[in-house]
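Participant: my questions are about this predicted structure, shown below with the sequence.
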Number of protein chains: 2
Amino acid sequence: MHISDLAASAGVTVKAVRYYESQGLLKPGRQANGYRTYTEQDVVVVREVKALLSLGLTAEQTYPFIECLRAGNDRADVCPASLTAYRTRIAEVDRRIAELSDLRSRLTDLLADAESWRMRSSGVTTTVGEQR
Amino acid sequence: MHISDLAASAGVTVKAVRYYESQGLLKPGRQANGYRTYTEQDVVVVREVKALLSLGLTAEQTYPFIECLRAGNDRADVCPASLTAYRTRIAEVDRRIAELSDLRSRLTDLLADAESWRMRSSGVTTTVGEQR
DNA sequence: CTTGACCTTGACCCTGGGGGCAGGGTTTAG
DNA sequence: CTAAACCCTGCCCCCAGGGTCAAGGTCAAG
């Protein structure tokens, strides 16, 4: 199958497929005219990559999952390396959430401070119970 | 003062200062030899930009704060546009936290699913109470 | 005067996951 | 034969700079 067939089957763009290849996740064959050719396996791989990217993994981090598929497993995430990748990503997400929570409290503090400053300096004409 | 003095005073790199200028946040004078010259005001501006970027605002979003400073205010965040920018950023952070929380639960579900799959298919030799 | 140390300038490539476009070759249907 | 639809490679763009480079300025000591 050609690249647009693969892209359509897997629900990604042609550009994305070529990008995955550039990252070493696909190794399509080539016809005499230079066109890339793909197998049904590749559809599964691309769908998996898409799903993993949507979970926030980087293209590089999807590597163990693809290897797991290529090793003949039905699921990409039954291999130990895949479980490790999941746990790593969960830890990243937890760290990010903690960062954002801290950020949020700093922002609300700054906002409250700036609002009260305005109140004190320019009169109580606005803002007390108004913020949405 | 020269660019490295400004950078040192404000706690950023020379590269960052030039980047802020490329984004229209600074408009330094030039000496005859082409060197940029900065004022004490600029130190305040760069410190403010640094603080806002560390809160996750984009360079563009810092614009209202800089204008507020330039308008003669002691604080960059007492202007209405600055308050709006704070609120916008808080909303962004909330959205992002919600996304990540959803992501996290999807990941833990996937992990649990993959683990139980391994248990069922390859024997109960591993993993039950072992994951760190 | 020259050397060396340190400063400045602009310009280039890199990040991640592609989007968009250009310019060309190929294939298929009418 | 031609036009549409597909394919190819390659370049620029995002964001906030980091890294590195070549070239030139400035100041002191020798």
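Facilitator: Received it, and whenever you're ready, just let me know what you need.
Participant: from now on I want contacts and neighbour counts done on CA atoms only, so please keep to that.
Facilitator: Will do.
Participant: find the nearest non-adjacent residue to the residue most central in space within chain A, please.
Facilitator: The residue lying closest to the centre of chain A (C-alpha atoms, centre = their mean) is A:G56, at 2.6 Å. Using C-alpha to C-alpha, 6 or more residues apart in numbering or on different chains and skipping residues adjacent in sequence, the residue nearest A:G56 is A:R89, 7.8 Å away.
Participant: how many neighbours does that neighbour have?
Facilitator: Neighbourhood size, A:R89 [other C-alpha atoms under 10 Å in any protein chain shown]: 20.
Participant: now swap in A:I90 and tell me
Facilitator: A count of neighbours around A:I90, defined by other C-alpha under 10 Å, yields 22.
Participant: just A:L103 next, same as before
Facilitator: Neighbourhood size, A:L103 [other C-alpha under 10 Å]: 18.
Participant: so it sits against B:L55, correct?
Facilitator: Yes. Using C-alpha atoms under 8 Å, A:L103 is in contact with B:L55, at 6.3 Å.
Participant: distance between the longest helix seen in chain A and the chain's centre?
Facilitator: Longest helix of chain A, by residue count under DSSP state H: helix A:80-122. Offset of helix A:80-122 from its chain centre (C-alpha atoms, centre = their mean, to the nearest Å): 19 Å.
Participant: and that helix, what does it pack against?
Facilitator: helix A:63-70, helix B:80-122 (3 or more C-alpha pairs under 8 Å, 6 or more residues apart in numbering or on different chains; DSSP states H and E).
Participant: who wins for proximity to A:R30 among those helices?
Facilitator: Evaluated over the helices and strands packed on helix A:80-122, closeness to A:R30 peaks at helix A:63-70, with 19.7 Å, by C-alpha to C-alpha.
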